[in-house]
Structure formats: structure tokens, C-alpha cells
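Visitor: return atomic coordinates for the entry below.
(2 chains)
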Amino acid sequence: MEVDIDVVADGQTSLINKTPDFKVPSDKLSIDNGEIIIEEITRNHKLLHRHRLKQNEVSIGRNYQNDIILTDPHICPQHLSISFTQGTWRINDNNSINGTVLEKDNAEKQDAHQQEINDGDVIILGKSQLRILFKDHQVADTIAFSPFESLIDFIRSPMAVFTSIALFMLIAANITYLNQPTEANISQLFVGAFSKSLLFALWPAGVALVSHLTKHDPRILAQLGISFTFFILMWLSDLLEEILAFNSASNSLLGLFITLLTIGLAFSLFWLNSYIGFHVSAKRRIAVAFSITTLLFGGTYLLQYSQKPEFNPHPRYNATIMAPSYLIAPSNNVEAFIKDSNALFEQASKDAQKE
Amino acid sequence: MKAFFTLIFILISSTTYAKEQAEEIFAQLTPSLYQIKLIDKASGEKSSIGSGFQISSDGIIATNYHVISSYARHPEKYRIEYLDYQGETAQVELISVDVINDLALIKRQVEAEMPFFKLSDKKPIKGEKLFALGNPHDLGMIVVPGTYNGLKKESFNERIHFTGSINSGMSGGPVVNKSERVVGINVATSGNQIGFLVPHDKLVNLFNDYNIKAPADIKQQMAEQLHANQNKLMKALINSTWQNKELDGKALIPIIEVPFIRCWGDSNTDKTDALIKAAIASCSLDENTYLSSHFFTGSIEIQFRYMQARNLSDNKFYHLYQQQISRASAGNRAGKDDVSEYQCHHDLITPDSTANTSKAINNKSVFCTRAYKDFPGLFDVLYLGASVDKNQQALVSHFTLAGVNQENAMAFTGKFMEAVSWK
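Guide: As a prediction, this is how the structure comes out:
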């Protein structure tokens, strides 16, 4: 019995591989010319395999006699067949154990037996899904290269990636050097900067890994280049913040501007990460970048907020000072300072009487 | 040989005399001595103890403010009780306080006229033998002989320096002379036989003021005393001579010439490997006013720090310098229930007094203040000035004032800022 099946299965397999025009001994072929595209897709509608069949009857199931052989254990050996008669395709469920469901464009689900199939419908059998397309299926418009493409091409060149990582390490070493209260040692600084760059490389590497796992091109060099370029830009925005804080009197507007700049930079980085790593719609890309930014900054804010003591006995003030070469703003006199400071007393009294 | 015997005889007789005297004093005065207990109403147990002594026949007892401070701040949470020499206990009421001199008057119910301590009408003389009475560590009433050593040097609010053991729990107990007159009240100890007493005249004033007019509200009375004291202190500071002094030959800093502000110095010139050479001068008022166990006021701190880079880039010097100035904190202890959070303001300031001269200094100046919740109009302030005009040198000028009003705080700040410059 087994031998018999094997022979039949072999025959069927060869049947699919060859162009069936003349060799298939089917009467219906001369009457109706069925042509169908069946896509095996994941539950997230990601394409796994695509079959293009030119025949009027297609059998689908787990055994090897079928035109389309699926390995899902919840599918019956001869689960269903679809046939082309009088210009339409219909489903015939062969009393399968788990049944067959037809999902229309509008996500409406119904029992698939004897239903007519339209272009774009999805057949759900077992835990697998098949999308049915006809040859006149409309495809989306061609997407033109965006201006980012040339920028990304430049950034992912090995020279540019190397330069941005080297610059990042230089900045990291410089920051450690500036904050070290003791004599600095070059090799120590280098090791610190190197490990810091490794740590920061985890983000682009992680994104590349995820895009590889989701069957996209990892483009690791482009991810590295773009991420490190943005890390440098964020450091520059920190420097700008410092210079502004040093040169200005207490002023909340500048702080807000810098915060927005940092958030904007982070958003752009995530957007570009997603642009390089994943083929998704523009709307979805913005949504993803926006949610990661919100998660990052919102999370940081929440963390700070939750750790904030109920009462802080220490003054919080901006102690930013920089070497005189960064000093641009003119100085005020004592009288003006006293006048501005007087306003604090009223504020403090108000706070004290709040409860 | 005869002379030797005489000497020993005199020595023995004088010690036995002192011992007898102490016993006698103790026996006579015990009925007017009390242990003062603060009882937590909810738990019914004592939360703090001290001593007290009756100063009138109608039941007025004197003690320290700090013994009953919890009641003064939260009368709804505690009650005050006395325990007399016969073991009798009863509740008393708080009638007046002197928070600056750490004194309080409480009143017990009396049926008949009672014996009481008489307050001395003159100051003791240096070296005079005195007897401190009190109940240390809840061990029972004791008498401690000691010596009067004048008033504490350099103090703004007078304290008697008493050579004798004063221990916790004796706070509020009387110190009497040989004729059993009260000359002081136990208040603090500095370890090893150094004790401090409130001079009796402060108690006389408080008692007389009470007899003229009893205070309507204790909190109001405290606020008035705090306001008056800071006025007296700040006026003394602002109106005294501010001497210009060199710091490491590079900077000019003001030293306020009043005896109660004491200055100390330090530098790291011995550490040749330090990246920054630093010289520090700090001055402070050594006393503060106790309001509760977590709330002190009345302190003053002034600090100057001159720094010079050694083989450092300007950027690194300023980074390390910033770390030095980023954590200034309050000079006095205060909690959430006592004060608001600090409000701060900062700007770049060049004082007019030296502007356009070679002494001119350009500071990043920070001013912070917080307000007292129970005493409106009183504030803690903090100032920090950091020079930002020299590549390799820096001068930090800093002060904190606790419990001052706005007018005095700003007058002091203005004068201070104008007085700091390069040399």
C-alpha cells in the first residue's frame, strides 16, 4: 500500500514541476483555462512560498499526492481541493477534521465549504494560511528611491562607518578624561572608550538582528553608520545644552528647546533604523519610531518621577560652568541679581503655605 | 611636719564640708525638683524626659524648651507630665517659651502654697562652686558639684561654661550656688566635664514677662522670638566691619569682624600629586537654635575656596571645578513639615564695586531660598558664586543663612557679593 502511494506521489510531484498544458489528461482544461497563484503566508501575512498553477483543480493537504503539500499537523492528508468551473474558483472541503475557513478582504470569516473565492481571499486551514491571487491582481505602485537612500549609501561605506565609530570613541575618551579627578592614563581611556563603543553598538546590531530574523536584509553597516552618527549628534546637542545653560540665566524655555531637540534626534534615529531595516509603510514606520521614542523618554521620565523623593532638602540648581572661552553672554550686576532673587521668596512662601 | 598635718587636715575638712553641703542642698530642694516627661498620647508611653524645678509658690516650673519641644510643635500628639520626689504624677500645661535661650515655663495645679527655688540676683564669680541638679538617663535625682567658669567665649547668645558632668536627662534642671539660689539652667554638654548652662537672668526675664502678660499663642511667641533674634544677629553682621583678607595671595575675601563668627583654614599644598591646588577659608556661627529634633535654625556658614590648576587643560580644570560646586547643601537640618523645597535662581554677575578694575571678577552666581512653614517670613538662604573669568584659577564664595527674613537676607547677599574679588 505504501509503495503504491509513493508511486502516485512521485507522479504528482513531476506533474507540478512540468508545464501542464498538454500532458495533463484533463477534459476540463480545453474548456476552462484555470490559472491561480497560491501564497503560503504566516499569520502576520508574511510570504513564505508562492505557487503559480495553471490547472483547473488544485488539491491541498498533508500527503504527498497533493498539488500543494503542507506540513502543518492540524491539516488532514487530503484536506481540500479548489476547482475552476464556469469562470469561478470554488472550495471543496473533504470533511476535514479541523475544517476550513475563508477570510474575505474585510476580515469577515466564514465556513469555506462550497464558497466562491475572490482575488485576495485567505483560506485558513489548520494553523496555516493560504492567500489566493488571480493573475490580474493589482500590485502597488513602484516606490521611488527617497533622498535618504543616497545619504544612507554614503553613511554605510566602510570608511564612513569607521570614521563615525572612531569619532565616537574619541568623544567618549575625552569625556572620561575631563571627568577623571586623577591623572589620566591613555590606555585606560582607550579601553574605556572601546568598551563604551561596543556597548553602544548593541543597539544597531540588535536592530540588524531583528530585521534578519524577520526575513529582511540586515544591512549591519548602514545601521552602525547611522546609529553612531546620531550618537555623535546627540553628544553635540549635549554640548550645545551646556553652552546655553552656562550663558543664560534661569530660563525654562531653553531647557524645553534642548529637550525637544534631543527627542527629535532620537525619533529621527529610530525612524532611520526602521527605514534601513524593514519594508513597512511610511505610516507604520512613523508609528514605530514614535512608540520607541515615547517608550524611551516616557520610561526614563517615569523612572525619575518614581524615584523622586517626596521632599528634597537639598537645593537643585544649575551649576554648569565652562572655561572662559565658551563665555559669550554679558554679565549683570549685583543689583539686578538681587532683584531677580527677590522673586524666589514669594514663590517659596507660596510653596510653604500650600498644604 | 606640723605644717604638713595642717595641710592634710584642711584638705580633708574641705572635702567633707563640700559633701555635706551637697547633701544638705539636695535634701532641702528635692520637693521642688521634678522629672518632666513628654507622653505620646497614642501609645501612652513617654517619648522624652528631662528635669524641671519650681520657681513660684503657685506651681510654675522652669525647664528647657528642648525638653518639651515636641509638645510645642505638635500639641495634639503629646501631653506633658511631671513626676515629683514622692512619685506623684500629673499633667501640666505649657505657658511660655524662650526658644532662643532654650527655656520653657510649665504650670502644675497646686492646692496650697509650695516651696520653690529662688532665683539669684547676682552673677556667680569665676571659680565659684556650683551644684547642678537633675535626673540623668532616668536614673533618679542627683546633685553634681562643679565650677563656674564664666560665660562661653565668642557666643552670640550667652551660655555659662560649667566644669562638671551634665548628662542627658538633666536638661532643664537648676544649677544653684552655696546659698541655694538658682544661677543657671542645665542645657548642654560638650563631653568630659564641659557643661553649658543658660544664665539665670534669661529665666528671670521670661518669668517677669510672663507675669506682665502671658503669651496668647506659643507658636506666635516662638515666631516673634525667632524674628527678633535674626534681626539682632543680622544687623550685627551687616553693620560690623568687613575686613578684606587675601586668600592665597590671589583673591580678596571679606572676614566679618564679630567675635561669635569663628574661622578655620585648610589647604592641600602638601599633596604634590593633586591636580588642583586649593586653599579654603571657612567661617561659621557655632551655635544654632533648636526647634525640634529634626529642625534647627539660626546657623550661619561662610566658605571661600581658591583653586589653581596644575598642568591641566582649561576644559578639564573647569570640569573638575564644576564637580566641586554642584552639591552645595543647606547649613541647617529641616524636614518636609518644617520648610518648603528650595527655589533657585542663577545668573552671570560682575559686581559694580570692582568692575572695570584689575580686581574685577565675573561670577556664575546661584541663589536659593526655602520658606518656613510654621513661621511665615523666615527663610533659609544659600548663595554660591563661582568665578568663570580665569582659565586656570577659580574662586568659590559661598554662604548659608538659616532662619532670616527677606530684607536681611538680601542686604547680606548684596554686601557679600560686592565684597568678593580678585586681588
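Visitor: tally of neighbours for B:Ala223?
Guide: 18 (other Cβ atoms under 10 Å in any protein chain shown). The way it works is simple: take the backbone N, C-alpha and C, and place the C-beta from them, glycine included.
Visitor: just say helix, strand or coil for it.
Guide: helix (DSSP: H, G, I helix; E, B strand; the rest coil).
Visitor: report the separation between it and B:Gln230.
Guide: Computed as Cβ to Cβ, to the nearest Å, the B:Ala223 to B:Gln230 distance reads 11 Å.
Visitor: and B:Tyr148, what is it in contact with?
Guide: Shown in contact with B:Tyr148 (Cβ atoms under 8 Å, 6 or more residues apart in numbering or on different chains): B:124-130, B:160, B:162, B:183.
Visitor: so which of those residues reach chain A?
Guide: Among those, proximity to chain A is found for none (Cβ under 8 Å from any Cβ of the partner chain).
Visitor: could I get those as JSON lines with secondary structure?
Guide: Shown next, in JSON lines, are these (three-state DSSP):
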{"residue": "B:Pro124", "secondary structure": "coil"}
{"residue": "B:Ile125", "secondary structure": "coil"}
{"residue": "B:Lys126", "secondary structure": "coil"}
{"residue": "B:Gly127", "secondary structure": "coil"}
{"residue": "B:Glu128", "secondary structure": "coil"}
{"residue": "B:Lys129", "secondary structure": "strand"}
{"residue": "B:Leu130", "secondary structure": "strand"}
{"residue": "B:Ile160", "secondary structure": "strand"}
{"residue": "B:Phe162", "secondary structure": "strand"}
{"residue": "B:Val183", "secondary structure": "strand"}
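Visitor: any of these buried? List them.
Guide: Buried residues within the contacts of B:Tyr148, counting neighbours by 16 or more other Cβ atoms under 10 Å in any protein chain shown: B:124, B:130, B:160, B:162, B:183.
Visitor: once you drop chain neighbours, what's closest to B:Ser69?
Guide: B:Ser292 (5.0 Å; Cβ to Cβ, 6 or more residues apart in numbering or on different chains).
Visitor: hmm, B:Tyr71 and the one you found touching each other?
Guide: No - using Cβ atoms under 8 Å as the test, B:Ser292 is too far from B:Tyr71 to be in contact (10.3 Å).
Visitor: for B:Ala214, helix, strand, or coil?
Guide: coil.
Visitor: and for the one 5 residues further on?
Guide: The three-state assignment at B:Lys219 reads helix, by three-state DSSP.
Visitor: how many residues are close by it?
Guide: Using other Cβ under 10 Å, B:Lys219 is surrounded by 14 other residues.
Visitor: what's the closest non-adjacent residue to it?
Guide: Using Cβ to Cβ, 6+ apart, the nearest residue to B:Lys219 is B:Asp374, at 6.2 Å.
Visitor: leaving out sequence neighbours, find the closest residue to A:Asn66.
Guide: In space, A:Asn66 is closest to A:Ser59, 4.7 Å off (Cβ to Cβ, 6+ apart).
Visitor: burial of that neighbour, as a residue count?
Guide: 19.
Visitor: residue contacts, B:Ile276?
Guide: Shown in contact with B:Ile276 (Cβ under 8 Å, 6+ apart): B:307-310, B:312, B:317, B:320-321.
Visitor: again, only this time at 6 Å
Guide: For B:Ile276, the contacting residues are B:307, B:309, by Cβ atoms under 6 Å, 6 or more residues apart in numbering or on different chains.
Visitor: can you pull the buried residues of stretch B:56-75?
Guide: B:56, B:59-73.
Visitor: tell me who's in contact with A:Leu269.
Guide: Listed by Cβ under 6 Å, 6+ apart, the contact partners of A:Leu269 are A:Phe230.
Visitor: if you could redo that for B:Ser299, that was the one I meant.
Guide: B:285, B:288, B:331-332, B:402.
Visitor: thought A:Ile171 was touching A:Met234?
Guide: No - the criterion here is Cβ atoms under 6 Å, and A:Ile171 misses it with A:Met234 at 10.4 Å.
Visitor: so for the two, which sits in the more crowded spot?
Guide: Neighbour totals were compared for A:Ile171 and A:Met234, and A:Ile171 leads with 19 against 15 (other Cβ under 10 Å).
Visitor: can you give me the pLDDT of the more buried one?
Guide: Note for A:Ile171: predicted pLDDT of 94.
Visitor: tell me which element it falls in.
Guide: According to DSSP states H and E, A:Ile171 maps onto helix A:158-179.
Visitor: so which residues make contact with that helix?
Guide: A:184, A:189, A:192-193, A:196-197, A:221, A:224-225, A:228-229, A:231-232, A:235, B:315-316, B:319.
Visitor: in the sheet, who's paired with the residue nearest to A:Gln347 when sequence neighbours are not counted?
Guide: Sequence neighbours aside, B:Gln343 is the residue nearest to A:Gln347 in space, at 4.9 Å (criterion: Cβ to Cβ, 6+ apart). B:Gln343 forms beta bridges with B:Thr369, as assigned by DSSP bridges.
Visitor: residues in the stretch 251-355 of chain A within reach of chain B, list them.
Guide: A:311-312, A:314-315, A:317-319, A:321-324, A:329, A:331-334, A:337-338, A:340-341, A:344-345, A:347-349, A:351-352 (Cβ under 6 Å from any Cβ of the partner chain).
Visitor: burial of A:Ser150, as a residue count?
Guide: Here the number of neighbours of A:Ser150 (other Cβ under 10 Å) works out to 10.
Visitor: ok, it - contacts?
Guide: Residues near A:Ser150 by Cβ under 6 Å, 6+ apart: none.
Visitor: ok but it is inside a helix, no?
Guide: Yes - A:Ser150 forms part of a helix when assessed by three-state DSSP.
Visitor: measure it to A:Asp351 for me?
Guide: From A:Ser150 to A:Asp351 the distance is 55 Å (Cβ to Cβ).
Visitor: right, and the residue nearest to B:Ser69 touches B:Ala72 too?
Guide: No - assessed by Cβ under 6 Å, B:Ser292 is found out of contact with B:Ala72, at 8.3 Å.
Visitor: now the longest strand along chain B, how far from the chain's geometric center?
Guide: Ranked by number of residues, the top strand in chain B under DSSP state E is strand B:393-404. Offset of strand B:393-404 from its chain centre (Cα atoms, centre = their mean, to the nearest Å): 20 Å.
Visitor: that older thread, the buried residues of stretch B:56-75 in helices, which ones?
Guide: B:65-73 (DSSP state H).
Visitor: which strand or helix spans B:Asn208?
Guide: Secondary structure assignment for B:Asn208, by DSSP H and E: helix B:200-212.
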